[in-house]
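> Let me see the structure of the following:
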Amino acid sequence: MFKYVLKRIGYMFLVLFILSIVIFMIYNLTPSNRAYTDAKADQVAMKQQLAGMSAEAQAKWFEERYEMYQISYGTETNNMILRYLRWVGLYPYADNPYTGKEGKLNGLLQGNFGYSYQYKKDVVNVVAAPMKNTIFINIFATILALAITIPLGIACAVRKNSKFDRFTQVFTIIGYSLPSFIICVHQLDRAVQKLADIVDTSPYLRYAAVYAAQAVHRLHRGPRISGEIMVFSIRS
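Got it, this is the predicted structure:
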């Protein structure tokens, strides 16, 4: 049993390792250069300050700015193995002479998941709130699934090869085969229909139902369906 657990853990780390390489390769295949983009943005922002400089001095300033960002992002080298190790957090970044920062380990293993230029903050802070909802939903779903499947498994073992056993197996296979978002949307639609029947007499409760429906969709990260459409289309 102990060897089996170690074997499964080993497989898990192997899969994580392979996935990390695939994700890193896909990321580096994207036609973008963040260091160049940031250096160009600084050049545009400091256009007035650079106006009095010669073309050669401006070019030198841009090259130094570009190199500064490359060192900060760990992309100053073309060695992809070295860049991967930095990204994971197994190899330190180089010392940055432009910012005075000493090179250190600063990758995934150190909790650095990057910076979101869309939300203007670290990725860790962006995913923190959705991750709490995801963890809560998964824990609740796991407990509910175990509460249902364990009694069913015992019943199937007691009635092996019976009609109940075969029906349960077929139903389980169908349930696993269906995409989860289809089941979620279907169940949510039924819940909203029942909720609309209850709150139809009160406009305040109706708006509360709309808010609740939208909140459920945000938790499940499902299709962005308007709560007003879901509730009031039932009446049409």
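> how close does the most centrally placed residue in the chain get to residue 133?
A centroid search over the chain (C-alpha atoms, centre = their mean) returns residue 127, at 6.9 Å, as the residue closest to the centre. With distances taken as C-beta to C-beta, to the nearest Å, residue 127 is found 11 Å from residue 133. Yep, even glycine has a C-beta here, placed from its N, CA and C like the rest.
> got it, and residue 28?
Distance from residue 28 to residue 133, by C-beta to C-beta: 31 Å.
> Repeat that for residue 73.
31 Å.
> give me phi/psi at residue 161?
When quoted as degrees, to the nearest 10, the phi and psi of residue 161 stand at phi 70, psi 10.
> So which residues of the protein form helices?
The residue ranges that make up the helices of the chain, judged by DSSP state H, are 2-29, 34-45, 47-50, 55-73, 80-88, 123-158, 163-177, 180-199, 203-220, 227-232.
> between those helices, which one is nearest to residue 106?
helix 80-88 (7.9 Å; C-beta to C-beta).
> among the helices of the chain, which gets the worst mean confidence?
Within the helices of the chain, confidence is poorest for helix 227-232, with a mean of 38 (mean pLDDT).
> which stretch among the helices of the chain comes nearest residue 108?
Nearest of the helices of the chain (C-beta to C-beta): helix 80-88, 5.4 Å.
> Quick one: residues in contact with the closest one.
The contact list for helix 80-88 (C-beta atoms under 8 Å, 6 or more residues apart in numbering) reads 20-21, 24, 28, 74-75, 77, 91-93, 106-109.
> Could you identify the buried members of the residues you listed?
With burial judged by 16 or more other C-beta atoms under 10 Å, the buried subset of the contacts of helix 80-88 is 24, 74, 75, 91, 93, 106, 107.
> any idea how far the fifth one is from residue 13?
Plainly put, residue 93 is 25 Å away from residue 13 if you go by C-beta to C-beta.
> was I right about residue 115 contacting residue 123?
Yes - using C-beta atoms under 8 Å, residue 115 makes contact with residue 123 at a distance of 6.7 Å.
> ok, residue 72 - how many residues close by?
19 (other C-beta atoms under 10 Å).
> beta partners of the residue nearest to it when sequence neighbours are not counted?
With sequence-adjacent residues excluded and distances taken as C-beta to C-beta, 6 or more residues apart in numbering, residue 72 is closest to residue 96, at 6.1 Å. Beta-bridge pairing of residue 96 under DSSP bridges involves residue 101.
> hang on, the earlier thing: now render the helices of the chain as JSON lines, adding distance to residue 102.
What follows is the helices of the chain, written out as JSON lines (distance: least, C-beta to C-beta, whole Å):
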{"stretch": "helix 2-29", "distance to residue 102": "25"}
{"stretch": "helix 34-45", "distance to residue 102": "19"}
{"stretch": "helix 47-50", "distance to residue 102": "29"}
{"stretch": "helix 55-73", "distance to residue 102": "12"}
{"stretch": "helix 80-88", "distance to residue 102": "15"}
{"stretch": "helix 123-158", "distance to residue 102": "22"}
{"stretch": "helix 163-177", "distance to residue 102": "51"}
{"stretch": "helix 180-199", "distance to residue 102": "46"}
{"stretch": "helix 203-220", "distance to residue 102": "42"}
{"stretch": "helix 227-232", "distance to residue 102": "52"}
